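In: pasting the sequence and the predicted coordinates here, then a few questions.
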Amino acid sequence: MSRNMITIAIANQKGGVGKTTTAVNLSAALARERFRVLLVDLDAQAGATQNLLDSFGPQDKVVHDILVTGRSIAEIILPIAAGFDLAPSDLSLAALDSELALKANADGRLRVALDDVRDRYDFVFIDCPGWLGLATLNGFVAADFVVIPIDCKAQSLETVPRLKRDVLEVSRFHRRAIGLLALPTFYEQRLNLSRDILDAIREQFESATLAPVNKNTKLAEAYVRRKTIFEHDPTSAGAMDYLRVAKEIAHVANAQGSGARRGSRSTAE
Ligand SMILES: Nc1ncnc2c1ncn2[C@@H]1O[C@H](COP(=O)(O)OP(=O)(O)O)[C@@H](O)[C@H]1O
Ligand SMILES: [Mg+2]
């Protein structure tokens, strides 16, 4: 049975906007919803890998090796939880731009690698680094959707036009539509600034704006404890928010004729 794997890059060249928190917790949420999920850590700082493994990925079995030495992605994937796998990262990714500079298909290597596991997953999330280098470009080329976390606490929309332009360019040169979704993060209902930024995001992205993720200390705590929010505090606002966004994403993907669930077990546990 061939299913349509949906690949979603989480990107914003601004740091600290919640990319890694989103990649980890959306992956965990969709795995809990019985989807088969792979999280690819494309960041040399390896925040997602450290969150889930409490260490960097094992030597020579990290995303760098699939992009640079052509190792098969199946060889580096590690199981995290039921239906939730990780392609781990480490600091070796930091040299990616110079290592791939004159190599063939420098920006399309992740896409090719993911072809090997197309039947194994419903969703692939890609945690991109906080800059627009070759790693992020590999994320865009592999992506069906790019989710842009935008924090509701600063002049955060400023980085978005450049990001949009880059995604559009990939879309044009690869002759393929890439959906853009905005995810408001660090939302604080009681603050005027936060509400203003959310309004501005909605004005710009209209129906492509996902439900906001509230600022929630439990999310930061979960990261420090090396847990997903569902392990750390499944009743927290952070867990509820990410579950809601995960369902929205499943819905959007479903509208594309995909997203069949693992097995036939009930989602209620
Ligand atoms: N909604 C949130 N509420 C509170 N803290 C958050 C939230 N999202 C992320 N954080 C914390 O903010 C910091 C930056 O988040 P992170 O996901 O690493 O951002 P990025 O990957 O964009 O750099 C981390 O310490 C994380 O735990
Ligand atoms: Mg990060």
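Out: Thanks, I have it. Residues are numbered from 1 along each chain as shown. Ligands and ions are numbered 1, 2, ... in the order given.

In: leaving out chain neighbours, which residue sits closest to Leu193?
Out: Lys153 (7.0 Å; Cβ to Cβ, 6 or more residues apart in numbering). Backbone N, C-alpha and C define where each C-beta goes, glycine included.

In: which strand or helix spans the one you found?
Out: Assessed by DSSP states H and E, Lys153 sits outside every helix and strand.

In: and it, what does it touch?
Out: 186, 188, 191, 193-194, 197, 215 (Cβ atoms under 8 Å, 6 or more residues apart in numbering).

In: can I have the buried ones of those as a ChimeraX selection?
Out: To isolate in ChimeraX the members of those that are buried, counting by 16 or more other Cβ atoms under 10 Å, one can use:
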select :186,188,194,197,215
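
In: check for me that Leu39 belongs to a strand.
Out: Yes: looking at Leu39 with DSSP: H, G, I helix; E, B strand; the rest coil, it is inside a strand.

In: my read: it touches Ser89, true?
Out: No: contact between Leu39 and Ser89 fails when scored by Cβ atoms under 8 Å: they sit 10.2 Å apart.

In: shared neighbours, these two?
Out: Common neighbours of Leu39 and Ser89 (Cβ under 8 Å, 6+ apart) are Ala48.

In: cross the contacts of Lys153 against helices and list the overlap.
Out: 193-194, 197 (DSSP state H).

In: pick out whichever of the residues you listed sits closest to ligand 2.
Out: Ile197 (20.2 Å; Cβ to the ion).

In: do you have the strands of the stretch 51-200 of the chain handy? List them.
Out: 78-81, 84-87, 123-127, 145-151, 179-185 (DSSP state E, counting those that start in this stretch).

In: tell me the secondary structure for the residue in the chain that ligand 2 sits nearest to?
Out: Scanning the chain for the residue nearest ligand 2 gives Thr20, at 3.3 Å (criterion: Cβ to the ion). Using three-state DSSP, the structure places Thr20 in helix.

In: tell me the contacts of it?
Out: By Cβ under 8 Å, 6+ apart, Thr20 lies in contact with 10, 43, 47-48, 51, 127, 223.

In: out of those, who's nearest ligand 1?
Out: Nearest to ligand 1 among those, counting by Cβ to the nearest ligand atom, is Tyr223 at 3.8 Å.

In: and that closest one, how close does it get to Ala106?
Out: 31 Å (Cβ to Cβ, to the nearest Å).

In: for these two, indicate the residue with more neighbours.
Out: Tyr223 (20 against 17; other Cβ atoms under 10 Å).

In: quick check: residues of the protein near ligand 2?
Out: 19-20, 47 (Cβ under 5 Å from the ion).

In: swap in 6 Å and give it another go.
Out: When proximity is defined as Cβ under 6 Å from the ion, the chain approaches ligand 2 at 19-20, 43, 47.

In: would you show me how to pick out the buried ones of the residues you listed in PyMOL?
Out: Here is the PyMOL selection string for the buried members of the residues of the chain next to ligand 2, based on 16+ other Cβ under 10 Å:
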select buried, resi 19+20+43+47
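
In: just checking: which of the residues of the chain next to ligand 2 also lie near ligand 1?
Out: 19-20, 47 (Cβ under 6 Å from any ligand atom).

In: now the residues you listed in a markdown table, with pLDDT and distance to Pro161?
Out: Formatted as a markdown table, these follow (pLDDT from 0 to 100; distance: Cβ to Cβ, whole Å):
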| residue | pLDDT | distance to Pro161 |
| --- | --- | --- |
| Lys19 | 98 | 18 |
| Thr20 | 98 | 23 |
| Gly47 | 97 | 26 |
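
In: redo those residues as JSON lines? Include distance to Leu78.
Out: As requested, these are exported to JSON lines (distance: Cβ to Cβ, whole Å):
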{"residue": "Lys19", "distance to Leu78": "20"}
{"residue": "Thr20", "distance to Leu78": "17"}
{"residue": "Gly47", "distance to Leu78": "16"}
